[in-house]
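Participant: Here is a sequence with its predicted model. Questions after.
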Amino acid sequence: MEKILVSACLLGLGCRYSGEQKSDGRILGLLDRKDLVLIPVCPEQLGGLPTPREPAERRDGGVWDRGGQDVTEQFVKGAGEALKLARLYGCSQAILKERSPSCGSGKIYDGSFQGKVTDGREGRLCAGRVNLCHGDETREPGGPNPSWFPFWAHRNVWHI
């Protein structure tokens, strides 16, 4: 049985910064497949951030909330915990929420808090940690895709 790490908000859990969810019918449909097990994860919560919380965006090599607080440490911690879960369950893929500062791998907000989107992939190759990572907006889950992993995968936090 294949195990897939999934952004919890895409499965309907209210863990986004606003306390809302972003359930995705395509991903919810995967719950019906007997050959798959979906493992929900919210790296921001795992890193110790509350829900609701100030929105955060990546810039200058870190993560900052709208109030100007550097929350990089919580994002890095949450990334490590998410990776622990992926390893614990033997996940072979991940389906992650695009535009999220913790999960976005193809599209992220640019750090200006003006709703501007930029490429979030530079230097974030999965490097064998999870074989395939998919953004919910740009790729069809289950199809052949580049192995990009989110922001936190390039940080040196994978010593588990």
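Facilitator: Received the coordinates, thanks. Numbering: from 1, shown residues only.
Participant: Would you check that residue 44 makes contact with residue 79?
Facilitator: No - Residue 44 is not in contact with residue 79 according to CB atoms under 8 Å; the separation is 9.7 Å. Any C-beta I mention is one placed from the backbone N, CA and C, and that applies to glycine too.
Participant: Compare the two (neighbour count), which wins?
Facilitator: Counted by other CB atoms under 10 Å, residue 44 and residue 79 do not tie: residue 44 has more neighbours, with 29 against 25.
Participant: how about the strands of the protein, start to end?
Facilitator: 2-7, 36-41, 56-59, 62-65, 93-96, 107-109, 117-119, 132-135 (DSSP state E).
Participant: Listing partners with orientation, what would you give for the second one?
Facilitator: Using DSSP bridges, the strands paired with strand 36-41 in its sheet are strand 2-7 (parallel).
Participant: which residues sit against the partner strand?
Facilitator: Residues outside strand 2-7 that contact it (CB atoms under 8 Å, 6 or more residues apart in numbering): 27, 30, 35-42, 82, 85-86, 89-97, 100, 103, 130, 136.
Participant: Could you list the buried residues of that strand?
Facilitator: Buried residues in strand 2-7, counted by 16 or more other CB atoms under 10 Å: 3-7.
Participant: Now for residue 44 and residue 79: what residues contact both?
Facilitator: residue 102.
Participant: From residue 74, how far off is residue 54?
Facilitator: Note on residue 54: its distance to residue 74, by CB to CB, to the nearest Å, is 12 Å.
Participant: Which one's more surrounded, the two?
Facilitator: residue 74 (22 against 15).
Participant: ok, the residue nearest the centre of the chain - contacts?
Facilitator: Using CA atoms, centre = their mean, the residue of the chain that lies closest to the mean C-alpha position is residue 103, 2.0 Å off. For residue 103, the contacting residues are 7, 43, 96-97, 150, by CB under 8 Å, 6+ apart.
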